[in-house]
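Colleague: Would you be able to build a 3D model of this:
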Amino acid sequence: MPELPEVETVRRGLQPVMEGAKIVVAEARRPDLRFPFQPDFVARLQGQVVTGLGRRAKYLMADLASGDVLLMHLGMSGSFRVIKPDNDAAPGEFHYPRGKDTTHDHVLFRMSSGADIVFNDPRRFGCMKVIARNALEDEPLLRGLGPEPLGNEFDAAMLARSCEGKTTSLKAALLDQRVVAGLGNIYVCEALHRSHLSPRRIAATLSTRKGEPTDHAKRLVGAIHTVLNDAIKAGGSSLRDHRRTTGELGYFQHSFKVYDREGETCKTPACGGTIKRFNQNGRSTFWCRKCQK
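Modeller: Residues are numbered from 1 along each chain as shown. Below is the predicted model of the structure:
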């Protein structure tokens, strides 16, 4: 499933053609994705100006002039395609040729900017929902989400407070969207490796007995910031379904230190350990036993 960097990459690709533009035509070409479209889904979108395009965790959020918000989630295989009159421009370095099969083009937005925005989702685990902005705090899809890992409020002290007393593993705590929103398996593995912390470490060790952040917490927050920012600059990681709105691949997967590198030599200077993989809470964990403690 796309994680925070992939969703942020998509947001930045859609922003130039959505923000400040009117949704001239909205089409829902089937009755549902992960769950049914609202009966007034199209009516609440058509004719509305998109005043801003943001992101909360792994959700895209388009603010509308009406006071509504269009909430969008990519699911497992969802992607947005931007079609512009000048689409014959040369593709980028990491261009991935898109197929011409439009069978899974389920939603279309024709914008006053001249662009058509198409949402394609073969597995239909994505979702879209129109919500009144003043009702966002009560929205079940958003309620309970933790802080944004790239937000100003997310620091070592906040992470330490969230993990205080937790007997679960550090990796499980980081994947808990109530602790921090938007992190997934790939970037948790990478951040733990860069901070030299074991995925099996008890989460409570990020906090002292007085509730203050330990050096472990400070290292981990720094690694989370670095990994996410580097991944966003690289356009995310393209392992299976992720594509940018232009059809280009993200390429952060070429910078992985541990994820999907089982059996390779650890890239930590002077370590010399071997990357191992084990199953943890139903997911593959990649780590170096020698330098992650």
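
Colleague: which stretches of the stretch 51-200 of the chain form strands?
Modeller: Ranges of strands in the stretch 51-200 of the chain, per DSSP state E, counting those that start in this stretch, are 59-64, 68-73, 79-83, 105-111, 116-120, 127-132.

Colleague: Including mean neighbour count, could those go into a markdown table?
Modeller: Placement of C-beta: from N, CA and C, glycine included. What follows is these, written out as a markdown table (neighbours: other CB atoms under 10 Å):
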| stretch | mean neighbour count |
| --- | --- |
| strand 59-64 | 21 |
| strand 68-73 | 22 |
| strand 79-83 | 20 |
| strand 105-111 | 20 |
| strand 116-120 | 21 |
| strand 127-132 | 19 |
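
Colleague: Out of those strands, which gets nearest to R44?
Modeller: Nearest to R44 among the strands of the stretch 51-200 of the chain is strand 127-132; the distance by CB to CB comes to 4.6 Å.

Colleague: Each with direction, which strands does that closest one pair with?
Modeller: strand 68-73 (antiparallel) (DSSP bridges).

Colleague: hmm, back to that, looking at the strands of the stretch 51-200 of the chain, which has the lowest confidence?
Modeller: Lowest mean pLDDT within the strands of the stretch 51-200 of the chain: strand 79-83, at a mean of 89.

Colleague: Quick one: work out the angle between that strand and strand 116-120.
Modeller: Relative orientation of strand 79-83 versus strand 116-120 (axes from the mean of the first three to the mean of the last three CA atoms, to 10 degrees): 160 degrees.

Colleague: Quick one: residues contacting the closest residue to K22 other than its chain neighbours.
Modeller: Nearest residue to K22, sequence neighbours excluded (CB to CB, 6 or more residues apart in numbering): S112, at 4.1 Å. S112 is in contact with 21-24, counting by CB atoms under 8 Å, 6 or more residues apart in numbering.

Colleague: still on that earlier bit, let me have the strands of the stretch 51-200 of the chain in TSV, extended by distance to A270.
Modeller: Formatted as TSV, the strands of the stretch 51-200 of the chain follow (distance: least, CB to CB, whole Å):
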stretch	distance to A270
strand 59-64	41
strand 68-73	42
strand 79-83	41
strand 105-111	51
strand 116-120	46
strand 127-132	47
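
Colleague: Of these, which is nearest Q280?
Modeller: Between Q280 and the strands of the stretch 51-200 of the chain, the tightest spacing by CB to CB is seen for strand 68-73, at 24.8 Å.

Colleague: and the gap between L64 and K22?
Modeller: 10 Å (CB to CB, to the nearest Å).

Colleague: Give me the common contacts of these two.
Modeller: With CB under 8 Å, 6+ apart, L64 and K22 have common neighbours 48-50.

Colleague: So which of the residues you listed is surrounded by the most neighbours?
Modeller: Each of those was scored for neighbours by other CB atoms under 10 Å, and V50 scores highest at 24 neighbours.

Colleague: so it sits in a strand?
Modeller: Yes - under DSSP: H, G, I helix; E, B strand; the rest coil, V50 sits within a strand.

Colleague: burial of the nearest residue to R283 once chain neighbours are set aside, as a residue count?
Modeller: Spatial nearest neighbour of R283, excluding adjacent residues (CB to CB, 6+ apart): N185 at 5.1 Å. Here the count is done by other CB under 10 Å, and N185 has 19 residues near it.

Colleague: Fine by me, thanks again.
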